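A.B. asks: sequence first, predicted coordinates after that:
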Amino acid sequence: MGETRERAEDAPLAGPDPAITEAHICGLVVGEGCFYAESARDPGYRLGWRIRPAFCIEMRRDERPVLEAVRAYLDCGGIYVLDFGRYEGYRRKRWHPHTKFRVSSVRDLHAKVVPFFETHHLFGRKRVAFDIFKQLVVVVYERRHLEPGGLIEAKALAAELARHNERGISPADTGTGGG
């Protein structure tokens with residue numbers, strides 16, 4: 001990904017912040033969240049390919065309490081301080097260091113993240129990204145990606161998700177219809 005991450009201490013989860021609601025989380029994800037997959041050749045894997053779905057929300061570092069509330073609510077994931085190096089000299093441009101909430105455990109994605117967004121619907125392009133992501137999580141959770149046919153399916157879903165997530169691509173361009 002080209003970023004240097006420093007894993008922050010993951011304090012025990014104290015439970016959800018009563019001030020945060022499902023609607024808050026959905027709105028935050030539509031604006032700042034991302035459903036994505038790392039998909040790359042990797043000789044360390046049986047079929048020579050690595051597929052890792054993940055969900056994240058990235059915000060300015062001073063918004064960390066918001067990410068901690070989401071983490072507590074979903075009861076999974078980690079909080080990471082992003083150190084891109086690019087922030088040096090950016091202060092004068094009003095850029096700020098960022099923090100990321102990320103869930104990459106396939107078990108947590110399948111048992112917590114996917115069910116949350118199946119119940120609490122997203123809208124617009126993020127809903128389409130979630131629908132693709134959900135299919136990929138199921139393939140990986142069921143370990144179908146470890147067989148040639150399942151790997152082909154997983155790679156196709158990861159590529160579709162990456163194309164969908166590209167900036168500047170409209171729903172009409174992806175063949176997914178409206179927004």
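C.D. replies: Sure thing, it's come through. Just so we're clear, the structure is a prediction, and the values are computed from it rather than from any experiment.

A.B. asks: is it true that R52 lies in a strand?
C.D. replies: Yes - R52 forms part of a strand when assessed by DSSP: H, G, I helix; E, B strand; the rest coil.

A.B. asks: need the nearest residue in space to it, chain neighbours excluded.
C.D. replies: E38 (4.3 Å; C-beta to C-beta, 6 or more residues apart in numbering). C-beta here means a position set from N, CA and C on the backbone, and glycine is covered the same way.

A.B. asks: list the contacts of A19.
C.D. replies: Going by C-beta atoms under 8 Å, 6 or more residues apart in numbering, A19 touches A69.

A.B. asks: secondary structure class for it?
C.D. replies: Judged by three-state DSSP, the three-state class of A19 is coil.

A.B. asks: kindly provide the distance from it to R163.
C.D. replies: Counting by C-beta to C-beta, to the nearest Å, the separation of A19 from R163 is 37 Å.

A.B. asks: picking that back up, residue contacts, the residue nearest to R52?
C.D. replies: Contacts of E38 by C-beta under 8 Å, 6+ apart are 1, 50-52, 54.

A.B. asks: ok, now R144?
C.D. replies: 150, 153-154.

A.B. asks: of all the helices and strands in the protein, which has the lowest average confidence?
C.D. replies: None of the helices or strands of the chain scores lower by mean pLDDT, DSSP states H and E than strand 4-7, at a mean of 44.
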